[in-house]
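A.B. asks: only the shape, not the letters, is given here:
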């Protein structure tokens with residue numbers, strides 16, 4: 001992925017203010033940064049390389065801008081659930097393992113489809129590809145992969161809980 005010069009300078013500013021090492025023509029590794037250049041983007045655990053023409057390339061990124069999904073904090077996720085409660089409103093998807101589902105509980109109204117079964121059990125997903133899907137996992141990692149897979153399956157509106165159910169529970173939100 002190539003970034004514009006505006007984005008690059010914003011990313012460089014974030015790197016410098018985050019005490020990240022940067023060398024002209026070199027690379028920055030393990031960058032965690034929020035970048036904005038007309039569209040919000042999030043880059044996490046990325047490696048950025050910059051060539052002599054000031055072109056930056058980011059690899060192994062997690063980016064929400066332009067991908068079709070949004071990473072939501074607990075308050076925003078809860079707000080969406082309350083405004084459009086499942087199953088009539090949003091489709092709430094839990095992609096954790098069976099053990100995590102049983103041991104930790106789940107958000108009320110969630111449908112459980114483990115991440116590894118997501119594409120094989122597409123018939124359990126909404127037939128309406130425009131229906132909003134809220135997805136979560138244990139800590140926010142698998143839900144990113146699920147969001148990407150859902151978009152690849154043709155779903156148009158996917159949001160995921162950035163801190164996962166761990167963050168949900170840590171903020172005192174209910175599970176059943």
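C.D. replies: Sure, I can see it. None of these values were measured; they are calculated from a predicted model. Numbering: from 1, shown residues only.
A.B. asks: can you map out the helices along the chain?
C.D. replies: Using DSSP state H, the helices of the chain run over 5-17, 74-83, 98-104, 142-152, 164-170.
A.B. asks: relative to residue 125, which of those is closest?
C.D. replies: Checking these against residue 125 by C-beta to C-beta gives helix 142-152 as the closest, at 7.6 Å. Any C-beta I mention is one placed from the backbone N, CA and C, and that applies to glycine too.
A.B. asks: same for the closest one, what does it pack against?
C.D. replies: The contact analysis (3 or more C-beta pairs under 8 Å, 6 or more residues apart in numbering; DSSP states H and E) places helix 142-152 against strand 69-72, strand 133-136, strand 158-161.
A.B. asks: make a markdown table out of those strands and add mean neighbour count and mean pLDDT.
C.D. replies: Formatted as a markdown table, the helices and strands packed on helix 142-152 follow (neighbours: other C-beta atoms under 10 Å; pLDDT from 0 to 100):
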| stretch | mean neighbour count | mean pLDDT |
| --- | --- | --- |
| strand 69-72 | 20 | 93 |
| strand 133-136 | 27 | 98 |
| strand 158-161 | 25 | 96 |
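A.B. asks: would JSON lines of those with distance to residue 93 be doable?
C.D. replies: JSON lines is the format used below for these (distance: least, C-beta to C-beta, whole Å):
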{"stretch": "strand 69-72", "distance to residue 93": "12"}
{"stretch": "strand 133-136", "distance to residue 93": "4"}
{"stretch": "strand 158-161", "distance to residue 93": "9"}
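A.B. asks: so which of those is nearest residue 116?
C.D. replies: Relative to residue 116, the nearest member of those by C-beta to C-beta is strand 133-136, separated by 14.3 Å.
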